[in-house]
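A.B. asks: make a model of this:
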Amino acid sequence: MRIGVNVGHFAGAPPADLAARLREIDDLGFASVWFAEAYGSDVFTPLAFAAALTSRVRLGTAVAQVPARTPAATAMAATTLDHLSGGRVVLGVGASGPQVSEGWHGVPYARPLARTREYVSVIRQVLAREAPVRNDGPYFPLPSPGSELGKPLRSSLHPYRPGLPVLLGAEGPRNVALSAEIADGWLAMFFAPAFDADYRAALDDGFSRRPGGRPEGFEVVATVPVVIDDDVERAADRLRPDLALYMGGMGARGANFHHDVFVRMGHGDVAARVQELYLDRRKDEAAAAIPTELVEQVSLLGPVSRVRRELDRWESTVVDEIAIQGLPDDLAAVARLL
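C.D. replies: Numbering: from 1, shown residues only. The predicted structure is shown next:
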C-alpha cells in the first residue's frame, strides 16, 4: 500500500515551514502530496508551489471543486502543471456542497452527479485534444448557447499526458459508483475498513456500467488521520474536533454529506447529537460526544504496535493508497512506521 500526505487547505495561513516540509515529503519517499480547497486557499497554487520544490512525488488535488471553475479552466490548470512537473499531476475533482457552491461560488448545486459527469466529460475532451471541444449538456454548454462569435476550440497546449488521471472525490454510494463508471479512481474520505464490502459493491455497480468493466490502473486513495501516541484516548482527542467540524458543521441540517457518512456507518444517534451541539456553537461538547470507537474506525491511532496491526486490516481493503491527513509533526517517524 502506498502512503502519501494530504496537506488539505490552509486555515488562517499556510504553514510557515511548508517549503521545507514539502522537500522532506519528497526525500522520505512518500508516494504523493495532495492539497484541497474549501472557501479560502485554492488547490492549484500550492500544488504548483510543491511542484517547484519536489522532483519525484505525485501531485494531487483532493479535490478541485466543480463549482470553482469551468471544466476547461480546470483542464488548463492540470495539464499546464503536468507539463511543468514532468507528468506528476493527479486531478481529483468533486462537487463540493450546496453551502460552498451556492454561498461562495454562486453556482447552483442541483443534480451534482449529472453536473460532475458532464464536467469530467469536458475535461476528457480537453486532455485528449482529438477535436475542438463541444458539449451539448445543460450545465457546461460549449460553445455558449446563443453566442454569435463563440466557436469550438482545441487546446493550444498539447497535453503532456492525454491520459492524465482524473479521480472523483465521493462519499455516498451513488457518487462512489460514478467514480468507477467515469473516472480513473476514487478519492475516499472517512473510509472505514469494516465497511469495505459496501465500498466494493458501490464500485462494482459503477464498473458494471462502464464499457470494458474496471479499467487497468483504477485506484482508490483514502485520506486518513494518523496519530501516533501510546495513549489511545489522547490520540482520539486530537481527532475529535476535526470530526465534529465535518460531522456537525460542514453544512446545514439535512444537507451535510459528511454527516450522512456516519449515519450510514450506524452512528446516526451520535451524528445527530454532534450536529445539534455544533450548530448550537457548543463545539467542545460536540467533539466530546464522539465515542472513541467511531474515531478508531476512520483513523490510524495509538501506539506504534497497534497502528502496525491496524495497517494489516487496511491492506486487505479496496484502498491502494493512504494519504495521511494533514502534516504530521514528525514526518520521518511516520515514514519509518508506514
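A.B. asks: L59 belongs to a helix?
C.D. replies: No: counting by DSSP: H, G, I helix; E, B strand; the rest coil, L59 falls outside a helix, being strand.
A.B. asks: which residues touch it?
C.D. replies: L59 makes contact with 32-34, 47, 50-51, 81, 85, 88-90 under the criterion Cβ atoms under 8 Å, 6 or more residues apart in numbering. (Glycine included, C-beta is placed from N, CA and C.)
A.B. asks: same question for Q65.
C.D. replies: 37, 43, 93-96, 100-101, 105.
A.B. asks: and which of those residues is nearest to N135?
C.D. replies: Closest to N135 out of the contacts of Q65 is V93 (15.7 Å), distances taken as Cβ to Cβ.
A.B. asks: so which of the contacts of L59 belong to helices?
C.D. replies: Judged by DSSP state H, these include 47, 50-51, 81 as members of helices.
A.B. asks: what's the closest of these to A271?
C.D. replies: Closest approach between those and A271, by Cβ to Cβ: L47, at 32.2 Å.
A.B. asks: list the contacts of the closest one.
C.D. replies: Contacts for L47 were tallied using Cβ under 8 Å, 6+ apart; they are 35, 59-61, 81, 89.
A.B. asks: and for V33?
C.D. replies: 4-7, 22, 25-26, 50, 54, 57-60.
A.B. asks: any idea how far L338 is from it?
C.D. replies: Using Cβ to Cβ, to the nearest Å, V33 is found at 15 Å from L338.
A.B. asks: rewinding a little: pick out the most distant pair among the ones in helices among the contacts of L59.
C.D. replies: Within the ones in helices among the contacts of L59, A50 and L81 form the most distant pair, 9.7 Å apart (Cβ to Cβ).
A.B. asks: tell me which of these two has more neighbours.
C.D. replies: Per other Cβ atoms under 10 Å, whichever of A50 and L81 has more neighbours is A50, with 26 against 21.
A.B. asks: could you say which helix or strand holds the closest residue to that one other than its chain neighbours?
C.D. replies: Excluding the flanking residues, the one nearest A50 by Cβ to Cβ, 6 or more residues apart in numbering is L22, at 5.0 Å. If you go by DSSP states H and E, L22 is part of helix 18-28.
A.B. asks: mind listing what's buried in whichever helix or strand N6 is part of?
C.D. replies: Applying DSSP H and E as the criterion places N6 in strand 2-8. Using 16 or more other Cβ atoms under 10 Å as the test for burial, strand 2-8 gives 3-8.
A.B. asks: make a markdown table out of these and add pLDDT and distance to H259.
C.D. replies: Below are the buried residues of strand 2-8 laid out as a markdown table (pLDDT from 0 to 100; distance: Cβ to Cβ, whole Å):
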| residue | pLDDT | distance to H259 |
| --- | --- | --- |
| I3 | 97 | 28 |
| G4 | 98 | 26 |
| V5 | 98 | 26 |
| N6 | 98 | 21 |
| V7 | 98 | 24 |
| G8 | 96 | 19 |
